[in-house]
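# Need coordinates for the following:
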Amino acid sequence: MNIKKLTRQAVVAAIYVVLTIALAPFGYGPIQFRLSEILAILPFFNSEYILAITVGCFISNIASTVGSVDMIVGTFQTLICAYIMSKMKNLYLACIVPILGMVLIALEIFFMMPNPTGFFVILIELMCSEFIVIYIIGIPIFYILNRNEKIKKLLNFKTTSK
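Residues are numbered from 1 along each chain as shown. This is a model prediction of the structure:
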């Protein structure tokens, strides 16, 4: 692994952690608004970011209200979703993957936290918040980034959005 690639991965993982921890009250639990999930779009543009997002998620989940279970389940969900997204050709379809991946997180929260609501309520809350972060905030940001050749080169984007 070359220094530039390692540096990009370390920076992305660090940004994921900082965004998650800084906004911790909103990033954990049955109602999540994890702004760092915007970065989950990166593996679509280059599979090298699968590791960065996965490591960032793992470190962030150390502070989770669910504890070590989230470090395992949440990180596994991120890894699987990032890998699937990296294989897809259409950005809008690829971004559905982390929203659907919320099924695992909803199951984790349902079984690990005392909830007055049912599984489907938790799932809908998680999917809605992930939709907002990915589609309403994330895709427009990446649309702008993808139009700038210098940024695309800096981030080593291999795929252009369709």
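# So the nearest residue in space to Leu126 that is not next to it in sequence versus Ser60, what's the distance?
Closest residue in space to Leu126, ignoring its immediate chain neighbours: Met102 at 4.0 Å, by C-beta to C-beta, 6 or more residues apart in numbering. Every C-beta, even on glycine, is put in place using the N, C-alpha and C of the backbone. To Ser60, Met102 is 16 Å away according to C-beta to C-beta, to the nearest Å.
# Which one's more surrounded, these two?
Ser60 (26 against 23; other C-beta atoms under 10 Å).
# still on that earlier bit, so what's the residue nearest to Leu126 scoring on pLDDT?
pLDDT for Met102: 95.
# Then Ala24?
72.
# Tell me where the model's unsure across the chain.
Low-confidence segments of the chain, defined by pLDDT under 70: 1, 25-31, 115-116, 159-162.
# That one: helices as residue ranges?
Remark: helices assigned in the chain by DSSP state H are 3-22, 24-27, 42-45, 49-60, 68-87, 91-94, 96-100, 102-112, 119-131, 139-146, 149-155.
# contacts for the fourth one?
Applying C-beta atoms under 8 Å, 6 or more residues apart in numbering, the set of residues contacting helix 49-60 from outside is 8-10, 12-17, 20-21, 27, 36, 39-40, 42-43, 71, 74-75, 78-79, 82-83, 86.
# How far off centre is it?
8 Å (C-alpha atoms, centre = their mean, to the nearest Å).
# now the third one
Relative to the mean C-alpha coordinate of its chain, helix 42-45 is positioned 11 Å out (C-alpha atoms, centre = their mean).
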